[in-house]
Each structure stands twice: as structure tokens, then as C-alpha cells.
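1. how does the following fold in three dimensions:
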Amino acid sequence: MKALFVFAHPDDETFSSGGTIAKLSKSGVIVKLICATKGEAGTVGDPPLTTQDRLGDAREKELRKAAKILGISQIYFLGFIDGTLHQLPIGKLQEQILLILQKEKPDMVVTFDKRGGSNHPDHKAVSKATTRSFQKYLGSTKKWIRLYHTAIPRSYLKEYEKHGLSYTAFGTIKGVADTQITTISDIKDTYDIKVKAANCHKTQRKDWERFLSRADVVDVKKEFFMLILENKLGW
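-> Numbering: from 1, shown residues only. From the prediction side, this is the model:
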């Protein structure tokens, strides 16, 4: 079995689904990753660990270290610039993703939900392009394949708000109604691996400190997904 995760920036993979990736890898699933950018517009660390013009290279190295820990066997960097994905013709991003789908022939594809989780424009562009690419890929195979979107339960967002942990960098996060979540991944056995991979993304340390601060508020040893499309013709 082969799983392909598609995200916009280095650290998206660990933050959204690192425990699930490690869980799949440990069970024998071949896991590969598409990363549309190298996160050039992110932070350089506090105190600075690199310069802005070298941040892309630094974050690529961070991702490769994290991927090794999570069990990702290959990374496809698409070479787009951080912060520009939503400005591209949707077909340009979609075409590159589709070519990789056709080459890898994954059984399962995972990307952001339509709001990109955090409303980040790059995240939303990747979600849209990946979903459209999967729809085309769906028509070219007779085996069982599935597309999942990552999900943040609204019940979690309510708890964050109660404890003053809301994150609104790209506007208010709406999340996903708990009833729409189709898959809950129990990652208690791989949570430590997720944290270890997160620590590889040293330039983005503040994001991970924010994530870890939520451990006393919600169960961070679960990851959530929605089944969006599937093809059971092979069954």
C-alpha cells in the first residue's frame, strides 16, 4: 500500500498528520510527500538561525530530517515560492500534482481541507489543486483509492477559545463540524515520534510551542480526517 501526502510548506506534514504518517510507515505503508514550496516566507527563528534569503534551504533540510523520523521515503519539492500559490493559475499546480499521482499510483492521498486548516492562502490552493487532480486520477484507475482532507474539529476550536489559545493569523478558523469527521487516527503510540519530528523544524519553533501548549486543553494524541472521495471499483 502507498500513501501520498500533499502540503504547501515544510512542517505542514508534521503539524497536521505526523503521528498518522509515522503510524502508516510503521505498519509497512510506503509514505511519500509532495511539498509545494520550501517555506521561504516563514520565520528565520528566534534568535535567528539563518537569513531570509537562505530560509528555503534551511527549511528543506529541516523537512528532510523530519521526514526521515516520520518514515517518509521520498519528498517531491514542486519548486513554487512560499506565499504565491494562490496567485498561480490553478491548472499549473494541479498539473504537477496529477503527474506525480499518475507516476506513484497511491492508494491513499491526504491534503488540507478546503479552508486550508488555518485559512492560509497557500494551504487552500494546495487543497483545491490536489482535490481536482485526484478527481482526474480517480477516473484512470480501477483499484480502491481514497482522498482524505485533514480536519480540525470545531469542538477543539471552542476549547482553544475558552483557554485563550485561538490562532487567527489568517482570519478566524472555522474548522470542521465534528459530525463531518470520518476518520480519527489514534496516535498515542507515535506521538513522541511526531514531537521529535516537530523539533526538527527549528526555525518555526514558535508554531510548535503553540501546538504543544494545547496538550492540556484537548487530546493532541488524535489526528482527524474527512474521507472526501473514493473508488471501490476494484472490490
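2. contacts for the lowest-mean-pLDDT helix or strand in the chain?
-> Scoring the helices and strands of the chain by mean pLDDT, DSSP states H and E places helix 205-212 at the bottom, with a mean of 84. Helix 205-212 is contacted by residues 11, 15, 43, 45, 46, 165, 167, 195, 198, 199, 201, 220 when judged by C-beta atoms under 8 Å, 6 or more residues apart in numbering. C-betas here are computed from N, CA, C, even on glycine.
3. so the fourth one is in contact with residue 203, correct?
-> Yes - using C-beta atoms under 8 Å, residue 45 is in contact with residue 203, at 4.3 Å.
4. give me the more crowded residue out of the two.
-> A count of neighbours by other C-beta atoms under 10 Å puts residue 203 above the other of residue 45 and residue 203, at 22 against 16.
5. follow-up on the earlier one: for the next helix or strand after the least confident helix or strand of the chain, list every residue counted as buried.
-> Next in sequence after helix 205-212, counting helices and strands by DSSP states H and E, comes strand 222-231. Of the residues in strand 222-231, those buried under the neighbour-count criterion (16 or more other C-beta atoms under 10 Å) are 222, 223, 224, 225, 226, 228, 231.
6. please give me every residue in contact with the nearest residue to the third one once chain neighbours are set aside.
-> Counting by C-beta to C-beta, 6 or more residues apart in numbering, residue 151 is the residue found nearest to residue 224 once chain neighbours are left out, at 4.2 Å. For residue 151, the set of contacting residues under the criterion of C-beta under 8 Å, 6+ apart consists of 113, 175, 176, 180, 181, 224, 225, 226.
7. closest one of the buried residues of strand 222-231 to residue 138?
-> Distances from residue 138 to those, taken as C-beta to C-beta, are shortest for residue 231 (5.2 Å).
8. bridged to the closest one, which residues?
-> Beta-bridge pairing for residue 231 (DSSP bridges): residue 145.
9. what's near enough to touch it?
-> Residue 231 makes contacts with 138, 141, 142, 143, 144, 145, 146, as judged by C-beta under 8 Å, 6+ apart.
10. now render those as JSON lines, adding distance to residue 21 and neighbour count.
-> Shown next, in JSON lines, are the contacts of residue 231 (distance: C-beta to C-beta, whole Å; neighbours: other C-beta atoms under 10 Å):
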{"residue": "138", "distance to residue 21": "23", "neighbour count": "17"}
{"residue": "141", "distance to residue 21": "23", "neighbour count": "16"}
{"residue": "142", "distance to residue 21": "27", "neighbour count": "10"}
{"residue": "143", "distance to residue 21": "22", "neighbour count": "11"}
{"residue": "144", "distance to residue 21": "20", "neighbour count": "13"}
{"residue": "145", "distance to residue 21": "18", "neighbour count": "23"}
{"residue": "146", "distance to residue 21": "16", "neighbour count": "20"}
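11. show me the shaky parts of the chain.
-> Along the chain, the model assigns pLDDT under 70 to residues 168-169, 233-235.
12. need the strands for it, in chain order.
-> Counting by DSSP state E, the chain has strands at residues 2-7, 30-37, 72-80, 108-111, 145-151, 183-186, 222-231.
13. so which of those is nearest residue 66?
-> Here strand 72-80 is closest among the strands of the chain (C-beta to C-beta), at 8.2 Å.
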